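Below is the sequence, then the predicted model.
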Amino acid sequence: MARTQVNPTRMELTRLKRKLVTAVKGHRLLKDKRDELMREFLDLVRENMELRKRVEQGITDANRNFVVAKAGMSEEILRTALMAPKQEVYLKQSSKNVMSVDIPVFDFTTRTADTNDIYSYGFAFTSGDLDQAVKSLSDVLPDMMRLAEVEKSCRLMASEIEKTRRRVNALEHVIIPETQEGIRYITMKLDENERSTQVRLMKVKDMMLEEAHKYSEKQNS
Amino acid sequence: MYKIAVMGDYDSIYGFATLGLDTFPEEDREEAAKTLHRLADDEYGVIYMTEELAALLGDELKRYDDRLLPAIILIPGIKGNTGAGIAGVKKSVEQAVGSDILFGED
């Protein structure tokens, strides 16, 4: 493995060891975070899919009803009928923190509590189909609101999971092995240095003894 | 207090006005982008958008992906379902898991 140059010193060794401890701890934490996020995400995304299918079906049906309604009366009357809406929807937004991801929580209120208060026209000039159409659309609204919340949450969580996964992988496959490699390299280098110092000392000792007692001359004589 | 907007071609969205959502009929790319940015900076928390318009806007929507608000949610328009909404859900699964393991079969 291509390794960056490390100084084989004790200080560097201590530094690397400390880095390894932090990296391992961080890796464990991030892995937990990823697993928990993933668990939440999978639950949420299943709900998301279900809601979306329901909402799309609902809106498609409502659209069909509107087409029928439109066919039954003139464009002007239809536009006039829908011109001034009676109902208003307000949205209160708070956020929930799931594993450090802020996800929105939507709470919607309508201006009037009566859910049937959606017909913004007198019934005299419009066809019954329009009432049907408006009703069918209004039935989808709660699901649509829930869908907005869930889908946004899913998207935010997906990007957070992706980020976390990258970090976990970087730690697991790059930072931690590299640090371990560095530690091994320094330990070996230091051991090697120690051995060579020892050998040098022994050699020097031999030479000094030789100097003091002249063993070799005594042996020869 | 936030409001809710619906964007798309007029025929697809006029019904939502009766429910109390604010409708913004847009069919032109430039105009729609301008409206979208205005709404996003304004007090709109949720923007429902028809799939056709979203396809037209393309990258303009990306900048809101990482923001908490507004939530841009695709809905089918009057011309039918293009499947872009479902594809979006699948895409987020793919982004999170690496491959689509949940809805791959259908």
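Noted; the coordinates are in hand.

Was I right to think B:D66 contacts A:M157?
No: in this structure, B:D66 is not within contact of A:M157 by Cβ atoms under 8 Å, at 11.7 Å. Any C-beta I mention is one placed from the backbone N, CA and C, and that applies to glycine too.

Who has more neighbours out of those two?
When B:D66 is set against A:M157 and neighbours are counted by other Cβ atoms under 10 Å in any protein chain shown, the residue ahead is A:M157, at 23 against 10.

Is chain A within reach of the lowest-mean-pLDDT helix or strand in chain B?
Counting by mean pLDDT, DSSP states H and E, chain B has its least confident helix or strand at helix B:10-13, which shows a mean of 79. Yes: when contact is scored as Cβ under 8 Å from any Cβ of the partner chain, part of helix B:10-13 falls within range of chain A: B:S12.

Which other helices and strands does that helix contact?
In terms of contact count using 3 or more Cβ pairs under 8 Å, 6 or more residues apart in numbering or on different chains; DSSP states H and E, helix B:10-13 is assigned the packing partners strand B:22-25.

and the strand it packs on, which strands flank it?
For strand B:22-25, the paired strands and their directions (DSSP bridges) are strand B:3-8 (parallel).

now the strand it pairs with: mean pLDDT?
In this model, strand B:3-8 has an average pLDDT of 84.

so how far is that strand off the chain centroid?
Once both centres are worked out by Cα atoms, centre = their mean, to the nearest Å, strand B:3-8 turns out to sit 9 Å from its chain's centre.

distance of A:V140 from A:E75?
A:V140 sits at a distance of 24 Å from A:E75 (criterion: Cβ to Cβ, to the nearest Å).

quick one: the helices in chain B?
If DSSP state H is used as the criterion, the helices of chain B fall at B:10-13, B:29-41, B:51-57, B:84-97.

Give me the buried positions along the last one.
Of all the residues in helix B:84-97, those buried under the rule 16 or more other Cβ atoms under 10 Å in any protein chain shown are B:84-86, B:88-90, B:92-97.

Equivalent analysis for the second one, please.
Residues of helix B:29-41 classed as buried by neighbour count (16+ other Cβ under 10 Å): B:32-33, B:35-36, B:39-40.

just the third one next, same as before
Across helix B:51-57, burial judged by 16+ other Cβ under 10 Å covers B:51-54, B:56-57.

where does the spatially closest residue to A:N63 that is not a sequence neighbour fall, phi/psi-wise?
Closest residue to A:N63 in three dimensions, ignoring its sequence neighbours and counting by Cβ to Cβ, 6 or more residues apart in numbering or on different chains: B:I78, at 4.9 Å. The phi/psi pair for B:I78 (degrees, to the nearest 10) reads phi -70, psi -20.

Mind pulling up the pLDDT for B:A96?
83.

Quick check: it touching A:F41?
Yes: with the criterion set as Cβ under 8 Å, B:A96 and A:F41 qualify as a contacting pair; they are 5.5 Å apart.

which residues are common contacts for these two?
Overlap between the contact sets of B:A96 and A:F41, as judged by Cβ atoms under 8 Å, 6 or more residues apart in numbering or on different chains, is given by A:157-158, A:161.

and the residues you listed as JSON lines, adding pLDDT?
Listed next are those as JSON lines, based on pLDDT from 0 to 100:
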{"residue": "A:M157", "pLDDT": "88"}
{"residue": "A:A158", "pLDDT": "88"}
{"residue": "A:I161", "pLDDT": "90"}
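
Kindly identify which of those residues also come near chain B.
If you filter those for contact with chain B, counting by Cβ under 8 Å from any Cβ, you are left with A:157-158, A:161.

The residues you listed in helices, which ones?
Checking these against DSSP H, those in helices are A:157-158, A:161.

Mind jotting down where the strands sit in chain A?
With strands called from DSSP state E, chain A shows them at A:89-98, A:101-110.

picking that back up, give the buried residues for the least confident helix or strand of chain B.
Using 16+ other Cβ under 10 Å as the test for burial, helix B:10-13 gives B:11-13.

Of the residues you listed, just say which sits nearest to chain A.
B:S12 (6.9 Å; Cβ to the nearest Cβ).

so who does the spatially closest residue to that closest one that is not a sequence neighbour touch?
The shortest distance from B:S12 to any residue other than its chain neighbours is 3.8 Å, reached at B:G77 (Cβ to Cβ, 6+ apart). Residues counted as contacts of B:G77 (Cβ under 8 Å, 6+ apart) are A:63, B:8-9, B:11-13, B:50-53.

Output the buried residues of helix B:29-41 as JSON lines; include the columns distance to chain A.
Compiled in JSON lines, the buried residues of helix B:29-41 are given as follows (distance: Cβ to the nearest Cβ, whole Å):
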{"residue": "B:A32", "distance to chain A": "19"}
{"residue": "B:A33", "distance to chain A": "20"}
{"residue": "B:T35", "distance to chain A": "19"}
{"residue": "B:L36", "distance to chain A": "16"}
{"residue": "B:L39", "distance to chain A": "13"}
{"residue": "B:A40", "distance to chain A": "13"}
